[in-house]
Structures are given as structure tokens and as C-alpha cells.
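Asker: Sequence and predicted structure are below.
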Amino acid sequence: MSSENIPVRDAATIIVIRDRHAAPSVLMGQRGKAAVFMPDKVVFPGGAVDPGDAAITLAGPLPDACARRLGPDGATFAAAGIRELWEETGQVAGCRADWAEAPGDWRGFAATGHRPDARGLRYVFRAITPPGRPRRFDARFFTLDAESLASDPDDFSAAGDELANLKWIPIEEARGLDLPYVTAIVLAEVAARLPSLDTPDRIPFFDGDAPEVRDAAR
């Protein structure tokens, strides 16, 4: 398949921020050298929306302002981001509840004694991967205060193997790392608004087909 015909898949990313009032840091990891998409790059946890994410019932909904901006697929994006955060870092954005009927790719999450909870998420950015990449995503970025995690923020023992070197990185240090272009843009936007994690008045949108940052319609 030529790069011009690469399908654009919906995706979700969660930027977890720690100590935002004093010395803010973000949770990031490094993609493997053999990864098809962005090898070796330092990234936030996130990935493509799976078909089953639309069927997940969130224990806590997105804040109203975020839900309005995201439209009818908002809960699906939130579920995808929470799932990816769990799979890649072992961190739990959830609330205490039994979930005996959890589908297969959520059973590890359910085994922690939680259901996914989107109340702490804030929708802050949208970006479409530019053409010419082996994979392309239409990603919605959320922030989450580390204090909202239901897990130990320093325990990555349940993480999968997609990201290496998981750690909390001071924001100023992170901006000097080998980041994907879009990640650097998002990080700068988030850093400029700290310590606030309120829902922004506008959602910046980086459209890779016409690279510029403008307001997102959704």
C-alpha cells in the first residue's frame, strides 16, 4: 500500500501529569527500535481505538464540556485512552468496582478491582499524523492528573512491552528529548496552560494534511 493510501485510524492518548503545581512531570516511554511507527521515539501512552472500545460502559463519564466537544464518540475515545494507558504503563484510570463481565482485552484491568473512569480526563488536543508515515492516526489527546490514578504511579510492573524506559520526566527535560513532532507540539500546549488542567476554551487541532494548528471542530 502506498503512503498516500494509508488509512487514518482513530486513536487516543493520555498525558498523565504529576506535581503540576510545583515541579510538573509527565509519564512517557520509549518505543522500540524495531517498531513500525515512530521507532526509538519518546511518547505518551496511547494507541488506536479498538472496535470493542465503543461497547465499554464507563464507571464515570467524561466531564460535560469534554463530552460536548467530542460528540457521540467521546466515551469511545476515553475508553481507548484508558485501555492504552493500562496496557502500556500498568496505570489504572478507574474506580473501585467489580467487573466480572469485562471483555478479553480488559480482563487484566478488571482484575485490579476497577472499572474505567473518565471523570479525571480533559480533552485538550487533536492531531492527524502527516502523510508519508507507515501508519496514520486521528488522535484525541487527554490530560489526567496523576492524583486521579487508582494505582501506584511508580509501579510499572503490569505494563506491557510496547514502551520501554517508562518514567516521570520533568516537562522542561521532556521538551529536549527525541519526540515526534506532534508530541512536541502537544507538550508545549499543555505546558503553557499549567498548572491548570481545566477544559480549555479551544481545542488546538494539528491537521497533518495541511500542517497548521487551528481549532478543532470535534
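Answerer: Thanks, I have it. Bear in mind that the values here come from a model prediction, so they are computed numbers and not experimental data. Numbers count the residues shown, from 1 in each chain.

Asker: Correct me if wrong: Asp53 contacts Ala79.
Answerer: Yes - if you go by Cβ atoms under 8 Å, Asp53 and Ala79 touch, sitting 4.4 Å apart. Bear in mind the C-beta positions are built from the backbone N, C-alpha and C, glycine included.

Asker: Return the longest helix in the chain, judged by number of residues.
Answerer: For the chain, the helix with the greatest residue count under DSSP state H is helix 74-89.

Asker: quick one: that helix to chain centroid distance?
Answerer: Distance of helix 74-89 from the chain centroid (Cα atoms, centre = their mean, to the nearest Å) equals 7 Å.

Asker: can you tell me the average pLDDT over the next helix or strand after it?
Answerer: Using DSSP states H and E, the next helix or strand after helix 74-89 towards the C-terminus is strand 94-96. Averaging pLDDT along strand 94-96 gives 97.

Asker: Which strands or helices does the helix or strand that strand 94-96 is followed by pack on?
Answerer: Downstream of strand 94-96, the next assigned helix or strand under DSSP H and E is helix 107-110. Contacts defined by 3 or more Cβ pairs under 8 Å, 6 or more residues apart in numbering; DSSP states H and E place helix 107-110 against helix 74-89.

Asker: what's the helix it packs on packed up against?
Answerer: Under the contact criterion of 3+ Cβ pairs under 8 Å, 6+ apart, helix 74-89 touches strand 8-18, strand 25-31, strand 46-48, helix 64-70, helix 107-110, strand 114-116, strand 136-145, strand 163-170.

Asker: Now do the buried residues in the first one.
Answerer: Residues of strand 8-18 classed as buried under the neighbour-count rule (16 or more other Cβ atoms under 10 Å) are 10-18.

Asker: hmm, which two among these are most spread apart?
Answerer: Longest distance between any two of the buried residues of strand 8-18 is 27.4 Å, between Asp10 and Arg18; criterion Cβ to Cβ.

Asker: May I have stretch 8-15 as CSV, with CA atoms only?
Answerer: These are the backbone C-alpha positions of stretch 8-15, laid out as CSV (Å, rounded to 0.1, in the frame of the first residue of the first chain):
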residue,chain,number,x,y,z
VAL,A,8,-6.2,7.1,9.1
ARG,A,9,-7.3,5.3,12.3
ASP,A,10,-8.9,6.9,15.3
ALA,A,11,-6.7,6.9,18.3
ALA,A,12,-6.5,8.2,21.9
THR,A,13,-3.6,9.3,24.1
ILE,A,14,-3.5,10.2,27.8
ILE,A,15,-0.9,12.7,29.1
